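[1] From the sequence below, what's the structure:
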Amino acid sequence: MTNDDNPSRKRLAWIETDEDGSSAAQEPKVAVGRERTYAPLTDTFRLYAGWLLGWYFVLFAVGGYQRTRSLPFSVPFVDELLLSPVVVTVSFAVFLFLLATSLHRSTGRHAAHGLLFGLVGAIILAVFVMNV
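    Just a heads-up that it's a prediction; the model follows:
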């Protein structure tokens with residue numbers, strides 16, 4: 001197998017200068033390293049949660065505008081989704097997940113901090129669900 005066939009190897013090229021200042025391109029050396037070819041699970045969940053929260057934002061924006069002003073068109077399911085406690089709870093849970101993982105990243109990704117942020121998020125979500 002040649003170096004071009006193996007995706008886990010990178011070609012690194014550099015230019016080396018001689019004492020007189022002239023430069024000559026050297027043969028690229030191959031750096032053998034292990035690369036991750038997958039995204040971590042938390043990053044994947046954050047990506048999907050961000051998209052879900054974005055769509056909930058569109059739903060709340062259209063639903064709020066439809067309830068306060070008349071739209072030139074009617075979207076019948078927006079009122080039901082806007083008033084559904086499940087949609088409100090899921091959107092708040094997604095927001096808390098994104099907030100907790102952002103705080104976990106900013107504090108250094110320690111396991112104890114992750115456990116603490118998860119526990120605080122679960123308590124806040126439980127209080128929110130009891131009051132909705």
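[2] What's the biggest helix in this structure, counting residues?
    helix 41-68 (DSSP state H).
[3] Would you mark the buried spots in that one?
    46, 49, 53, 56, 59, 60, 63, 66 (16 or more other CB atoms under 10 Å). Every residue, glycine included, has its C-beta placed from N, CA and C.
[4] got a list of what the nearest residue to the third one once chain neighbours are set aside touches?
    In other words, residue 53. Once flanking residues are discounted, residue 53 sits nearest to residue 94: 4.9 Å by CB to CB, 6 or more residues apart in numbering. Contact analysis of residue 94 by CB atoms under 8 Å, 6 or more residues apart in numbering lists 49, 52, 53, 56.
[5] Output the contacting helices and strands for the longest helix of the chain.
    In terms of contact count using 3 or more CB pairs under 8 Å, 6 or more residues apart in numbering; DSSP states H and E, helix 41-68 is assigned the packing partners helix 76-83, helix 85-106.
[6] Let me see the mean pLDDT of it.
    The pLDDT scores in helix 41-68 average 93.
[7] One more: stretch 88-98?
    96.
[8] can you give me the offset of it from its chain's centre?
    14 Å (CA atoms, centre = their mean, to the nearest Å).
[9] Okay, residue 76 and residue 127: tell me how far apart.
    Distance, residue 76 to residue 127, by CB to CB, to the nearest Å: 33 Å.
[10] Looking at the two, which is more packed in?
    More crowded of residue 76 and residue 127, by other CB atoms under 10 Å: residue 127, with 10 against 6.
[11] what angle sits between the helix or strand hosting that one and helix 41-68?
    Using DSSP states H and E, residue 127 sits within helix 111-131. Taking axes from the mean of the first three to the mean of the last three CA atoms, to 10 degrees, one finds helix 111-131 and helix 41-68 inclined to each other by 30 degrees.
[12] Give me the residues contacting helix 111-131.
    The set of residues external to helix 111-131 that reach it, using CB under 8 Å, 6+ apart, is 89, 92, 93, 96, 97, 99, 100, 101, 103, 104, 107.
[13] Would you mind listing which of those are buried?
    Neighbour-count burial (16+ other CB under 10 Å) applied to those gives 92, 93, 96, 97, 100, 101, 104.
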